[in-house]
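1. Compute the structure for the input listed below.
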Amino acid sequence: MALEAAFEDFYRREHPRVLASMTLVAGALEPAQEATDEAFARAWDRWERVSEMAAAGGWVYRVALNVVRRRARRARLERALLLRRVEPEAVPPSAEEVWQLVAALPERQRVAVVLRYVGDLPEREVAVAMGVARGTVAATLATARARLRTMLDEAPPSPTLGGLHD
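-> Below you'll find the predicted structure:
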């Protein structure tokens with residue numbers, strides 16, 4: 001019973017951030033929901049072990065990212081096999097300008113930015129989710145912020161961009 005209650009608290013606290021992050025990483029709500037649900041289902045199946053991890057949230061993010069990536073690879077293959085092109089859905093309209101800039105970042109930088117600033121994960125958990133060292137996350141975020149700064153300097157100012165500078 002205590003394990004169930006602990007999982008329920010974890011789920012209520014983490015699910016909204018994981019879903020928001022995966023929506024931005026995947027570029028659409030449906031695959032994000034599927035990846036998020038899959039990650040939490042796996043966490044529940046292994047909750048006795050996962051709950052003891054130093055970064056249980058990071059583990060869930062990593063599983064969700066892997067699901068998003070695996071499904072994206074499969075979708076690309078299916079499109080190629082069917083010789084048809086499907087346009088990805090647009091980024092949610094809130095902060096669209098920012099996410100257009102973030103979407104232009106290389107994948108590793110984009111994922112790090114989303115996990116850190118949307119998922120609100122500390123660098124340690126971002127590192128677990130991405131399967132890299134914490135120092136790699138710090139360097140990746142620094143590079144991403146510098147790149148965004150350059151892109152922002154080239155774009156007209158917008159009040160929605162304040163949180164990404166430093």
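
2. Okay, and the residue minimising distance to the centre of the chain sits in which element?
-> Central residue of the chain (CA atoms, centre = their mean): residue 21, 3.8 Å from the mean position. Secondary structure assigned from DSSP states H and E places residue 21 in helix 2-26.

3. before we move on, what about residue 30?
-> Element membership of residue 30, judged by DSSP H and E, is helix 29-45.

4. What is the next helix or strand after that helix packed up against?
-> Following helix 29-45 in sequence order, the next helix or strand is helix 47-50 (DSSP H and E). The helices and strands touching helix 47-50, judged by 3 or more CB pairs under 8 Å, 6 or more residues apart in numbering; DSSP states H and E, are helix 2-26, helix 56-82. Placement of C-beta: from N, CA and C, glycine included.

5. Out of the ones you listed, point me to the one whose mean pLDDT is lowest.
-> Mean pLDDT is lowest for helix 56-82 among those, at a mean of 88.

6. rewinding a little: now the helix holding residue 30: buried residues?
-> For helix 29-45, a neighbour-count test (16 or more other CB atoms under 10 Å) marks 31, 32, 34, 35, 36, 38, 39, 40, 42, 43 as buried.

7. by contact count, what packs against that helix?
-> With contacts defined as 3+ CB pairs under 8 Å, 6+ apart, helix 29-45 has these neighbours: helix 2-26, helix 56-82.

8. any idea of the mean pLDDT in stretch 143-161?
-> The model assigns stretch 143-161 a mean pLDDT of 73.

9. Ok, stretch 103-114 next?
-> Rounded mean pLDDT across stretch 103-114 is 93.

10. which residues are contacting that stretch?
-> 21, 24-25, 27, 65, 91, 102, 126, 130, 137, 140-141, 143-144, 147-148, 151, 164 (CB atoms under 8 Å, 6 or more residues apart in numbering).

11. Which residue is the nearest non-sequential neighbour of residue 56?
-> Distances taken as CB to CB, 6 or more residues apart in numbering put residue 50 closest to residue 56, at 5.2 Å, once the chain neighbours are dropped.

12. after the host helix or strand of residue 110 comes which helix or strand?
-> Secondary structure from DSSP H and E places residue 110 in helix 107-113. The element immediately downstream of helix 107-113 (helix or strand, assigned by DSSP H and E) is helix 123-130.

13. who does that following helix touch, helix- and strand-wise?
-> So helix 123-130, by 3+ CB pairs under 8 Å, 6+ apart, packs with helix 56-82, helix 107-113, helix 134-154.

14. what would those helices look like in TSV with mean neighbour count?
-> Output for the helices and strands packed on helix 123-130, formatted as TSV (neighbours: other CB atoms under 10 Å):
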stretch	mean neighbour count
helix 56-82	17
helix 107-113	20
helix 134-154	15
